[in-house]
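J.: Take this sequence and fold it.
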Amino acid sequence: MKKTFWAVAVLASASLVAHAGKSVTPIADKPKFSGYIIGQYQANFQENNSNTFNIRMARVSVGGHLLGEFEYKVQGQINGNTSTLGESPRIVDLFVEWQRYDFARIKIGQFKRPFTFENPMHPVDQGFMGYSQNVQRLSGFNDRTGEQASNGRDIGIQLQGDFLPCGNGRKLLHYQVGVFNGQGINTKDVDNRKDIIGGVWVAPAKGLRIGAFGWAGSHARKGHWTDGAGNEHQGTVSLGQYRYAISAEYKDEDWQIRSEYIHSTGYGFKTTKQSGDDAADATVNYAQGNKADGVYALCIAPIIRQKLRAKARYDMYRKSGTWADSRTQYEVGLNYLFCKNLELQAEYAFINDRSLAKHNYSMLDVELSVRF
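T.: Residues are numbered from 1 along each chain as shown. A predicted model of the protein is given here:
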């Protein structure tokens, strides 16, 4: 009797599994591994000329879907040395997003801040030797606040969605809003204040977006500092941050035309964060001022479709919100696609930096990008 019972149980289980396999979504699909490497040669023709080969960036990621409606991604980066928070091997993305409804997708973990069009772009697709100065300094890459290099990312939760379908899969309206620590990647909150960052844009035609973004929050540091009277202090310093951006972009398979203005109010720290303990320097950089802004305008246009592209960019950043210390880059170059996974990018930049005794100098940058 016992043998018969177990035989029936096994057959019943097999039948249920076979039936379930026809109608139940698998728990997880096959993980997808991908990555890219950007090799770089850069020459700087200032008074003391310099040139160097460099591994600008190497990343590997794994991602996929769970239960058919959750997307996950884990991505790591290697570049520079291993002595600092900003350049050591580190996790840049680690998140899960619920995607059942187009109009309300919820993401939690560490990921890109929802600020500007350029911030979330792939470094190769962005097309130039680096993100624009205002995005780098005011979107959490090498931020003026002094936080560690964070590649435009933070830890938090975000709600985003698309509304008003217009045909061909395009939606007229997109929104996104998130709550974040305000401390950059791989770092807990310090002052228990959260950043609220969001944006909204319309897409009136295929490839065209016009948007606006806002950011209200703080950046804090636990450490030591010296006041104007020379007295030593230790504790937590919290600096308010308030930013907005206005953006416009047209993009298709060969063309990119984009411009963004960003304005920031809020002080930063004198040094870039290198450690998370009480030994950190929490001195505020009052000399830098509490305002900054910048604007860029770029165009990438096809010479040979899907193969050779010409590019130009005007890129201006004012670290104190005045023309006295503005830094402007005028860039021209070419991008050549051997195939979709192998691209050579080259550009020349003339730079006017009014904070230097000798304002003008030039740079040359050549990068080879490999995706896998």
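
J.: For the stretch 251-372 of the chain, which segments count as strands?
T.: 256-265, 291-304, 308-318, 326-339, 342-353, 360-371 (DSSP state E, counting those that start in this stretch).

J.: burial of residue 89, as a residue count?
T.: Residues contacting residue 89 under the criterion other Cβ atoms under 10 Å number 12. To be clear about C-beta, it is placed using only N, CA and C from the backbone, and glycine gets the same treatment.

J.: Relative to residue 201, how far out is it?
T.: 34 Å (Cβ to Cβ, to the nearest Å).

J.: that older thread, now the strands of the stretch 251-372 of the chain in CSV, with mean pLDDT and mean neighbour count?
T.: What follows is the strands of the stretch 251-372 of the chain, written out as CSV (pLDDT from 0 to 100; neighbours: other Cβ atoms under 10 Å):
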stretch, mean pLDDT, mean neighbour count
strand 256-265, 98, 20
strand 291-304, 98, 18
strand 308-318, 98, 19
strand 326-339, 98, 17
strand 342-353, 98, 17
strand 360-371, 98, 17
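
J.: Can you add distance to residue 109 and give these back as CSV?
T.: Shown next, in CSV, are the strands of the stretch 251-372 of the chain (distance: least, Cβ to Cβ, whole Å):
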stretch, distance to residue 109
strand 256-265, 25
strand 291-304, 29
strand 308-318, 30
strand 326-339, 32
strand 342-353, 29
strand 360-371, 23
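
J.: ok, residue 346 - contacts?
T.: Residues counted as contacts of residue 346 (Cβ atoms under 8 Å, 6 or more residues apart in numbering) are 333, 334, 335, 364, 365, 366, 367.

J.: farthest pair in those residues?
T.: Using Cβ to Cβ, the two most remote members of the contacts of residue 346 are 335 and 364, lying 15.0 Å apart.

J.: Measure how buried residue 67 is and give me the count.
T.: 13.

J.: Backbone dihedrals for it, please?
T.: Per-residue torsions, residue 67: phi 60, psi 20 (degrees, to the nearest 10).

J.: cool, and residue 134?
T.: phi -70, psi -30.

J.: try residue 136
T.: phi -60, psi -40.

J.: quick one: it and residue 355, what's the gap?
T.: Note on residue 136: its distance to residue 355, by Cβ to Cβ, is 16 Å.

J.: quick one, which of the two is more surrounded?
T.: When residue 136 and residue 355 are compared for neighbours, residue 136 comes out ahead with 22 against 11, by other Cβ under 10 Å.

J.: Show the contacting residues for that one.
T.: Counting by Cβ under 8 Å, 6+ apart, residue 136 has contacts 130, 142.

J.: run the last query once more with 6 Å
T.: residue 142 (Cβ atoms under 6 Å, 6 or more residues apart in numbering).

J.: Next: residue 233.
T.: Shown in contact with residue 233 (Cβ under 6 Å, 6+ apart): residue 225.

J.: Could I get the pLDDT score of it?
T.: Looking at residue 233, its pLDDT reads 89.

J.: any idea which helix or strand carries it?
T.: Using DSSP states H and E, residue 233 sits within strand 232-251.

J.: Given that strand, what are its sheet partners and their directions?
T.: Paired neighbours of strand 232-251 in the sheet (DSSP bridges): strand 208-226 (antiparallel), strand 256-265 (antiparallel).

J.: Let me have those in JSON lines, adding distance to residue 107 as columns.
T.: Listed next are these as JSON lines, based on distance: least, Cβ to Cβ, whole Å:
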{"stretch": "strand 208-226", "distance to residue 107": "17"}
{"stretch": "strand 256-265", "distance to residue 107": "22"}
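
J.: which one of those strands lies closest to residue 187?
T.: Of all these, the one in closest proximity to residue 187, counting by Cβ to Cβ, is strand 208-226 (10.3 Å).

J.: May I see the buried residues of that closest one?
T.: The neighbour-count check on strand 208-226 (16 or more other Cβ atoms under 10 Å) flags 208-209, 211, 213-215, 217-225 as buried.

J.: Can you pick out the most distant pair from these?
T.: 208 and 224 (50.3 Å).

J.: tell me which residues form a beta bridge with the nearest residue to residue 196 once chain neighbours are set aside?
T.: In space, and not counting its chain neighbours, residue 196 is closest to residue 216: 5.3 Å by Cβ to Cβ, 6 or more residues apart in numbering. Per DSSP bridges, the residues bridged to residue 216 are residue 196, residue 242.
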